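[1] Following is a predicted model, sequence given first.
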Amino acid sequence: MDKTTRSVSLSFLSIKNFLTVEVFRLDRIGSFLSPIILPVFFIVFWQVFAVRIDNSIVLPTVHEVLDILVKPTANLLSIGSLIRNVLVSILRVGLGYFAAVLIAIPLGLFIGYSKKVAEFIMPFVNLFRPIAPLAWVPLVLAWFGVTSIATIFQIERGSLYVLFNNIKVSMIFIIFIGAFFPILTNSIYGVKSVRKTLIDSILTLGANEKDVLLKVLLPAALPSVVTGLRIGLGVAWMCLVSAEMLPGSLAGVGYLITHAYTVARTDIVIAGMIAISFVGGLLDWIFQKIEAKFFKWQSMSK
């Protein structure tokens, strides 16, 4: 190969490497920009529309809402700061959600494993599954009234009383109902999707029913259970505002939104909605990371 041919080959090779690097760089820029294009357009449209309306009660501007979000510890409408109300809401959701987890997962494992248990329980469970959590409100108020966690544990004074007196049993029940059925349904599906040969194999080797549940069914059903946990948490978080509209609520982001609406503070309403969206999105992101880290094998097997 003469010098001219070698020079041309090297030139083409350098151009090819340059184009490859540029394409890779543009692809990375595109993957970074694509998720934020729609939010940016939405914010711009919101700002333009709010300026044209020029009525903060109908639609406040972006900077009016940002003034609240960048000062999460500022007192709002004399019912506490945004961050305090969000933390109260997280505590309420946590209690109702974990109550649902403690009941739904074991029940789902037994229903999925035993046909007789399924035939006995599922017709009864299916009667209640189509009922929306909001439909329970009249009954819940009749059953529990304004009974709080502080009343149950006989906490009568101090900072714990202030905190737990705001957590009504009726609110926890509404959140529990919202989370219970998605977790139960996915737990049942996870157990039923386990190959029967795995169960037969461990039984042949002398395992008992407890070993089948703990060493075969639960590990194999975990991906579906985690999906149910993720969906159940999302539904529980959506039930939050409804739960915090019940009588006796004096704190929480749902209560803050409702109270702000009654005094025509739409900026606080939107700030509360953004806070709910942010916390819910953060919790969902955590579950996605858990699925990606511990159940990567499931997606690879598809």
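    All right, it came through fine.

[2] Spatially nearest residue to residue 105, not counting backbone neighbours?
    residue 187 (5.3 Å; CB to CB, 6 or more residues apart in numbering). For the C-beta atoms, the positions are set from N, CA and C on the backbone; glycine is no exception.

[3] Settle this for me: the one you found is touching residue 110, isn't it.
    No. In this structure, residue 187 is not within contact of residue 110 by CB atoms under 8 Å, at 9.5 Å.

[4] which one of the two has more residues nearby?
    The neighbour count for residue 187 versus residue 110, taken as other CB atoms under 10 Å, is higher for residue 187 (30 against 17).

[5] Now do that one against residue 127, distance only.
    The gap separating residue 187 from residue 127 is 19 Å, by CB to CB, to the nearest Å.

[6] Same question for residue 58.
    From residue 58 to residue 127 the distance is 43 Å (CB to CB).

[7] Kindly report the same for residue 158.
    43 Å.

[8] Residue 75 now?
    Counting by CB to CB, the gap from residue 75 to residue 127 is 46 Å.

[9] and this protein, what are its domains?
    With domains defined by automatic domain parsing, the chain comprises 3-54, 67-300.

[10] out of those, deepest packed?
    domain 67-300 (a mean of 17; mean count of other CB atoms under 10 Å).

[11] And the contacts of the helix or strand hosting residue 143?
    Per DSSP states H and E, residue 143 falls inside helix 137-144. Under the criterion CB atoms under 8 Å, 6 or more residues apart in numbering, residues 168-170, 173-174, 242, 246-247 lie in contact with helix 137-144.

[12] again, only this time at 6 Å
    169-170, 173 (CB atoms under 6 Å, 6 or more residues apart in numbering).

[13] Could you pull up the residues touching the residue nearest the centre of the chain?
    Closest residue to the average C-alpha location of the chain: residue 234 at 3.2 Å, with CA atoms, centre = their mean. If a contact means CB under 6 Å, 6+ apart, then residue 234 has no contacts.
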